[in-house]
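following is a predicted model, sequence given first.
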Amino acid sequence: MSNRTKNIIVPIIAVLLGMLVGTIIMLITGYDPVAAFGALWNGAFGDSYFTGETIRQITPYILAGLAVAFAFRTGLFNIGVEGQLIVGWLAAVWVGVAFELPKVIHLPLAVLAGAAAGALWAFIPGLLKARFRVHEVIVTIMMNYVALHVTNYIIRSVLSESSDRTELVHQSASLRSPFFESLTDYSRLHWGIFIALICVFIMWFILEKTSRGYELKAVGFNQHASEYAGMNVKSNIIISMVISGAFAGLAGAMEGLGTFGYAATKGGFTGVGFDGIAVALLGANGPIGIILAAILFGSLKVGALNMPLEAGVPNELVDIIIALIVFFVAASYMIRMFIDRISKKGVK
């Protein structure tokens, strides 16, 4: 069996194993797995409203997955996607609230502000990694907390006087779509899904069709060999983190300009950035794989909200299933060994 085929089969097996173990847990705890999964499906695709909400949830997952995957593909571990998403959210809303411009100018400006904020937030760990060899995992994790509390302070002290949220962004900066709302029974589906799909193409094009992408991947594979070949290793590390951060910032912009239309203080992390790690892992850091993984996780997250209502099953079980899927993806070496043994027996 070819490696390409294995790369496709392993995530599928990981998902099936996660579902299987989740089913066993439901049976042990006295819940009906058939009713639970039926409620999950109905909550994700049961009618036009839930379908719209599922696609809306998929949008930031695609972008967060791209952010993690781009860094992974270039040899870096950007665990700070959550923080970059939060600052991108705030920057996009800030531009959306502060200016009144024609939509053709205002909306792109707000979206780009979100991307720029995420890129700037990722630039710091990239610079520290390139210049001082500070491990990016430590810095990005710490900067998640800095982003959370700094943005909360700005919202309370700068963007609002007596509340914990900003004003709504102007219509000229909004991604909301009356057309999609009418199609999906007034769900929060917005135009951001197309931005996310465009970003999938951008990631693929940069990494597979440009000399810069070749350099980024080469540096990720072997920094010493890349430097010997004349590549600027430090510059490529920073560029990789900046591009990764821009994708994360765009994920925040989609939430601020599309889903909610404002920025509010947060008592904790949104979780989208951390879920992006799971999306990237399950999608094998590939563009198509990330789309499929985002569809799965988006469906699970939205569908889970219907499980307590329709089947009496706590929606935390979906988080357990997601954790199990990630565990089996991380344990893909064992799955590959199992596939190899079956293949050898088949040959004999």
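Great, that's in hand. Residues are numbered from 1 along each chain as shown.

per-residue confidence for the residue nearest the centre of the chain?
In the chain, the residue lying closest to the centroid (C-alpha atoms, centre = their mean) is A64, at 2.1 Å. Reported pLDDT at A64 in the predicted model: 98.

ok, M1 next?
So M1 comes in at 61 (pLDDT).

count the neighbours of I198 for me.
For I198, the neighbour count with other C-beta atoms under 10 Å is 11. Backbone N, C-alpha and C define where each C-beta goes, glycine included.

so, low pLDDT: which residues of this protein?
1, 345-348 (pLDDT under 70).

OK, contacts around A147?
Residues in contact with A147, defined by C-beta atoms under 8 Å, 6 or more residues apart in numbering, are G80, E82, G83, Q84, I86, V87, W121.

which among these count as buried?
G80, E82, G83, Q84, I86, V87, W121 (16 or more other C-beta atoms under 10 Å).

so V10 is in which element?
helix 3-28 (DSSP states H and E).

so which residues of the stretch 51-200 of the chain form helices?
Per DSSP state H, counting those that start in this stretch, the stretch 51-200 of the chain carries helices over the ranges 81-98, 103-132, 136-154, 178-183, 192-209.

T265 is nearest to which of those?
When these are compared by C-beta to C-beta, helix 136-154 sits nearest T265, at 4.4 Å.

tell me the buried residues in that closest one?
For helix 136-154, the neighbour count (16+ other C-beta under 10 Å) marks E136, V139, T140, I141, M143, N144, A147, L148, V150, T151, N152, I154 as buried.

relative to A263, which of those is nearest.
For these, the minimum distance to A263 (C-beta to C-beta) is 7.3 Å, reached by T151.

correct me if wrong: the closest one contacts V87.
Yes. Assessed by C-beta atoms under 8 Å, T151 is found in contact with V87 at 6.2 Å.

buried residues in stretch 43-60?
Neighbour-count burial for stretch 43-60 flags 43-44, 46, 50-60 (criterion: 16+ other C-beta under 10 Å).

do stretch 13-33 as well
Judged by neighbour count (16+ other C-beta under 10 Å), stretch 13-33 contains these buried residues: I13, A14, V15, L17, G18, V21, G22, T23, M26, Y31, P33.

turn the buried residues of helix 136-154 into JSON lines, including distance to G220.
Below are the buried residues of helix 136-154 laid out as JSON lines (distance: C-beta to C-beta, whole Å):
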{"residue": "E136", "distance to G220": "12"}
{"residue": "V139", "distance to G220": "18"}
{"residue": "T140", "distance to G220": "16"}
{"residue": "I141", "distance to G220": "20"}
{"residue": "M143", "distance to G220": "21"}
{"residue": "N144", "distance to G220": "23"}
{"residue": "A147", "distance to G220": "25"}
{"residue": "L148", "distance to G220": "29"}
{"residue": "V150", "distance to G220": "30"}
{"residue": "T151", "distance to G220": "30"}
{"residue": "N152", "distance to G220": "34"}
{"residue": "I154", "distance to G220": "34"}
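
how deep is the residue nearest to S240 when sequence neighbours are not counted tucked in, by neighbour count?
Sequence neighbours aside, T74 is the residue nearest to S240 in space, at 4.1 Å (criterion: C-beta to C-beta, 6 or more residues apart in numbering). By the other C-beta under 10 Å criterion, the neighbourhood of T74 contains 24 residues.

was I right about T74 contacting L216?
Yes. Look at T74 against L216 with C-beta under 8 Å: they come within range, at 4.3 Å.

mutual contacts of these two, please.
Common neighbours of T74 and L216, using C-beta under 8 Å, 6+ apart, are N236, S240.

any idea how far E167 is from A264?
Distance, E167 to A264, using C-beta to C-beta, to the nearest Å: 11 Å.

now do I290
Between I290 and A264 the computed distance is 28 Å (C-beta to C-beta).

tell me which of those two has more neighbours.
Neighbour count, other C-beta under 10 Å: between I290 and A264, I290 has more, with 29 against 17.

extract the C-alpha set from whatever helix or strand the more buried one lives in and format it as CSV.
Element membership of I290 [criterion: DSSP H and E] is helix 287-304. The C-alpha coordinates for helix 287-304 follow below in CSV (Å, rounded to 0.1, in the frame of the first residue of the first chain):
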residue,chain,number,x,y,z
PRO,A,287,-5.5,21.9,2.1
ILE,A,288,-8.2,19.4,1.2
GLY,A,289,-7.7,17.5,4.4
ILE,A,290,-8.1,20.6,6.5
ILE,A,291,-11.4,21.4,4.7
LEU,A,292,-12.7,17.9,5.5
ALA,A,293,-11.5,18.0,9.1
ALA,A,294,-13.1,21.4,9.6
ILE,A,295,-16.4,20.1,8.3
LEU,A,296,-16.2,17.2,10.7
PHE,A,297,-15.3,19.3,13.8
GLY,A,298,-17.7,22.1,12.8
SER,A,299,-20.5,19.5,12.5
LEU,A,300,-19.6,17.9,15.8
LYS,A,301,-19.5,21.2,17.7
VAL,A,302,-22.9,22.5,16.3
GLY,A,303,-24.6,19.2,16.4
ALA,A,304,-23.6,18.6,20.0
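
before I go, just wanted to say thanks for your time.
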